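J.: Kindly return the folded structure for what I paste below:
(chains A and B)
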Amino acid sequence: SQTIHQWPATLVQPVGSPLSLECTVEGTSNPNLYWYRQAAGRGLQLLFYSVGIGQISSEVPQNLSASRPQDRQFILSSKKLLLSDSGFYLCAWELAGGPNEQFFGPGTRLTVL
Amino acid sequence: TQLLEQSPQFLSIQEGENLTVYCNSSSVFSSLQWYRQEPGEGPVLLVTVVTGGEVKKLKRLTFQFGDARKDSSLHITAAQPGDTGLYLCASLGGYTGNQFYFGTGTSLTVIP
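T.: Numbering: from 1, shown residues only, chains lettered A, B, ... in the order given. Model (predicted):
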């Protein structure tokens, strides 16, 4: 069976510091991968998606970047965090060519102070 | 960006009551998913609907897809405290039609 992992689970960082959040998927090959950000109690905002190694598409201009160095690894980064980067970050995978259903990781709660 | 509006935004009901949550868009959905999310966790897929007019049942949850595939509803019968959570609809969109867009969410609280 497939599993998706995210770490860290929680993170508190000062403004201006760098960021690296990691997401890995097990049990599948060549998945589509997604990064979302969620404000408290609200819907999800799509940040990045990837259909393959080194292929990253960005949905909104922002202070963040994403990379996919390996087939089942997706990384969200920032060189200098802003207060507005605080939120709940979710990674999701989808079977490429499958029934368009996404499966989410447990999320990372980021607080920028 | 495909905008999905959900209503109501917040809902607080007593255990045993029935409720309906709505998801609407001005665009036609290619497919639509409903998710439930508990605090501090990722969303969990409940159902996918594809065909206009389609009705799917999952125990006490009934999902309906509008005939024109522009709207969907989720009906819960005899709500229980375990139904508490954030309900999200999602559909495909974007430039290539391969990106998911999520609705604004309905936060449900079922009071014992």
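
J.: can you tell me which strand in chain B is longest?
T.: Longest strand in chain B by number of residues (criterion: DSSP state E): strand B:85-93.

J.: quick one: is that strand near chain A?
T.: Yes - applying C-beta under 8 Å from any C-beta of the partner chain, one finds strand B:85-93 touching chain A at B:Leu86, B:Leu88, B:Ala90, B:Leu92. No exception for glycine: its C-beta is placed from N, CA and C like everyone else's.

J.: how near is the residue most central in space within chain A to chain B?
T.: Closest to where the C-alpha atoms of chain A average out (C-alpha atoms, centre = their mean) is A:Trp35, at 3.1 Å. Distance of A:Trp35 to chain B, given as C-beta to the nearest C-beta, to the nearest Å: 12 Å.

J.: ok, now A:Ile4?
T.: Taking C-beta to the nearest C-beta, one finds A:Ile4 at 8 Å from chain B.

J.: Find the residue closest to that residue in space, skipping its chain neighbours.
T.: Leaving aside its sequence neighbours, A:Ile4 sits nearest to A:Gly105 (C-beta to C-beta, 6 or more residues apart in numbering or on different chains; 4.3 Å).

J.: cool, A:Thr3 as well?
T.: A:Glu26 (4.9 Å).

J.: Three-state assignment for the one residue in chain B that gets nearest to chain A, please.
T.: Nearest residue of chain B to chain A (C-beta to the nearest C-beta) works out as B:Gly42 at 3.1 Å. When classified by DSSP: H, G, I helix; E, B strand; the rest coil, B:Gly42 comes out as coil.
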